[in-house]
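In: test case, fold it:
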Amino acid sequence: MSEGEQSGAATTAATTIAPTPSASSISSSSTNDTAPAPKYAPVRPIDPIKMDWFWRMGRSVSRLVVTFLFDLKVYGAHNVPDRGGVLLLPNHQSFLDPVLVGVFLRRPLSYLARSGLFENPRFAWLIRRLRAFPVKQGAGDVGAVKEMVRRLKEGHALTLWAEGSRTETGEIGQIEPGAALVIRRAQVPAVPIAIDGSFEAWPKGKKMFRRHPIRVMYGPPMHLEHLKAAEITQVIDRTLRDLLAELRKKRNR
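Out: Predicted coordinates:
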């Protein structure tokens, strides 16, 4: 990870949560029963629906910050179910995205974070309190896949960046197959999420964000678990692109 990426990751986590790594990091994994997974589990039991004081405080502060700095407007947040396992699939424009996805929802979210972010004990404590768990980037991580599936089956809402990494142009990149793997194994609905303006606020390669209007739109839940993996990936790709186009039309009116 470059110096810029490290500073950006720390800034985002201090606001709400650490950035999520690539969907491709999990796409080649299998969930065999012999793989160890204890380190992925939370340090204490977490309720999939109820927000604790720490999450509520972080959400309140984050709302003020993103509203003031980015004039954040959110559409369709009611499409995220109030309870039950659900996989959130946003496009990925900047380090701000983890905050933007969850700040106006009525339930807490779980996230993946790069395993290197857990090396500092104090920072690890912070992001674990914000429901993050580690994934080894650049290779299939069996333990992370098992933890994702476990949380979804327990009724958590979990965020996974379907593209696998931040965009370099502001447009949606290739959708990685990892999301399809998780949907098929966890048997949960997926909610597509379009983010626009986040790239202009904090483009890849820049060490600091700037003020710029940001909009977020949540699409209706998609029940894709009965489809083949390749078909799921195609539906996610088409739906995210259509949702982003709709959001941009709304923004330009």
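In: in the stretch 1-150 of the chain, which spans are strands?
Out: Per DSSP state E, counting those that start in this stretch, the stretch 1-150 of the chain carries strands over the ranges 73-75, 86-90, 111-114, 132-135.
In: and residue 65, which of those strands is closest to it?
Out: Smallest distance to residue 65 across the strands of the stretch 1-150 of the chain (Cβ to Cβ): 14.6 Å, for strand 73-75. Heads up, the C-betas are built off the backbone N, CA and C, glycines and all.
In: which other helices and strands contact that closest one?
Out: Helices and strands touching strand 73-75, by 3 or more Cβ pairs under 8 Å, 6 or more residues apart in numbering; DSSP states H and E, are strand 215-218.
In: got the contact list for the strand it packs on?
Out: With Cβ atoms under 8 Å, 6 or more residues apart in numbering as the test, strand 215-218 has contacts from 72-80, 90, 100-101, 104, 191-197, 243, 246-247, 250-251.
In: 7 Å - rerun?
Out: The contact list for strand 215-218 (Cβ atoms under 7 Å, 6 or more residues apart in numbering) reads 73-77, 79-80, 100, 191, 193-197, 243, 246-247, 251.
In: sheet partners, orientation included, of that strand?
Out: Strand 215-218 has the following sheet partners, assigned by DSSP bridges: strand 73-75 (parallel), strand 190-196 (antiparallel).
In: tilt between the last one and strand 86-90?
Out: In terms of direction (axes from the mean of the first three to the mean of the last three Cα atoms, to 10 degrees), strand 190-196 departs from strand 86-90 by 30 degrees.
In: out of the strands of the stretch 1-150 of the chain, the one nearest residue 161 is which?
Out: That would be strand 86-90 among the strands of the stretch 1-150 of the chain, by Cβ to Cβ, at 6.5 Å.
In: understood, closing this out.
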